[in-house]
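Chemist: task: produce atomic coordinates for the following.
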Amino acid sequence: MKRPLPLTALSLTALITLSACGSSSGGTMEGMDMAQESSAAPTAGSGAGASSGAPDEASTEHNDADVLFAQMMIPHHRQAVEMSGMILAKDGLEPQVTGLATTIRNAQDPEIETMTGWLGAWGEPLESEDGMKGHDMGDMGGSGTMNGMMSEDRMAELASADGPDASRLFLESMTAHHEGAIGMAQDQLDDGRYPEALELAATIVETQQAEIDAMEQVLAAL
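Modeler: Numbers count the residues shown, from 1 in each chain. Below you'll find the predicted structure:
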């Protein structure tokens with residue numbers, strides 16, 4: 001009864017490769033970035049790959065936009081990781097769906113550590129009052145600062161869903177979640193100053209748009 005999903009193994013492999021090379025801050029590029037960090041201040045091309053996430057002392061110059069970007073993106077990423085974990089704990093889902101969930105979790109977990117390290121090095125708190133106000137509103141909108149965040153009720157619905165219903169809810173919700181992250185990253189590219197934060201923002205725009213495209217293909221076939 002179920003139609004085969006059009007997202008080919010080749011296209012999913014390409015997506016996972018893109019995410020691993022660009023979005024996984026603490027993964028594939030980590031070794032290169034750690035070597036660069038020890039000898040010179042990181043450039044925009046060095047990404048956010050230090051294992052601790054802490055920037056070099058000589059390159060901590062940042063502005064309020066950099067701080068807010070990290071403070072807001074951390075809880076945003078945490079929810080994406082939680083959503084992915086819910087899907088990966090379920091049985092009998094399409095491999096394209098679980099593959100996307102794995103890619104998202106593996107990319108965003110190290111980015112959380114990286115951004116947490118920046119805030120620690122800058123002497124800034126993990127949360128901002130403005131950012132948490134947006135977080136409290138969840139996917140209801142609010143100020144729009146955390147656009148795409150799922151409400152507690154929606155998260156509970158995902159946790160209890162099974163089969164195609166779980167896949168559909170995950171793909172729809174994660175697409176909106178990614179769109180919110182891209183908007184936040186674009187704001188950082190416009191207003192930010194810290195090179196590694198700008199690099200991470202560019203990575204988020206590129207990789208999460210690719211993931212949105214893949215999720216839309218899978219969703220259309222359910």
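Chemist: which residues in this protein form strands?
Modeler: In order along the chain, the chain carries no strands (DSSP state E).
Chemist: next, the contact list for residue 159, please.
Modeler: For residue 159, the contacting residues are residue 86, by CB atoms under 8 Å, 6 or more residues apart in numbering. The C-beta positions use only the backbone N, C-alpha and C, and glycine is treated the same way.
Chemist: my guess is residue 78 contacts residue 112, does it?
Modeler: Yes - proximity of residue 78 to residue 112 meets the contact threshold set by CB atoms under 8 Å, at 6.3 Å.
Chemist: between these two, which is the more surrounded one?
Modeler: Regarding residue 78 and residue 112, a neighbour count based on other CB atoms under 10 Å identifies residue 112 as having more, with 21 against 13.
Chemist: from residue 161, how far out is residue 120?
Modeler: 37 Å (CB to CB, to the nearest Å).
Chemist: typo on my end, residue 203
Modeler: The gap separating residue 203 from residue 161 is 30 Å, by CB to CB.
Chemist: run through the helices of this protein in chain order.
Modeler: Using DSSP state H, the helices of the chain run over residues 9-18, 30-39, 64-88, 95-122, 129-137, 152-160, 163-191, 195-221.
Chemist: by contact count, what packs against the third one?
Modeler: Read that as helix 64-88. With contacts defined as 3 or more CB pairs under 8 Å, 6 or more residues apart in numbering; DSSP states H and E, the packing partners of helix 64-88 are helix 95-122, helix 129-137, helix 152-160, helix 163-191, helix 195-221.
Chemist: and for the longest one?
Modeler: If you count contacts as 3+ CB pairs under 8 Å, 6+ apart, helix 163-191 packs onto helix 64-88, helix 95-122, helix 152-160, helix 195-221.
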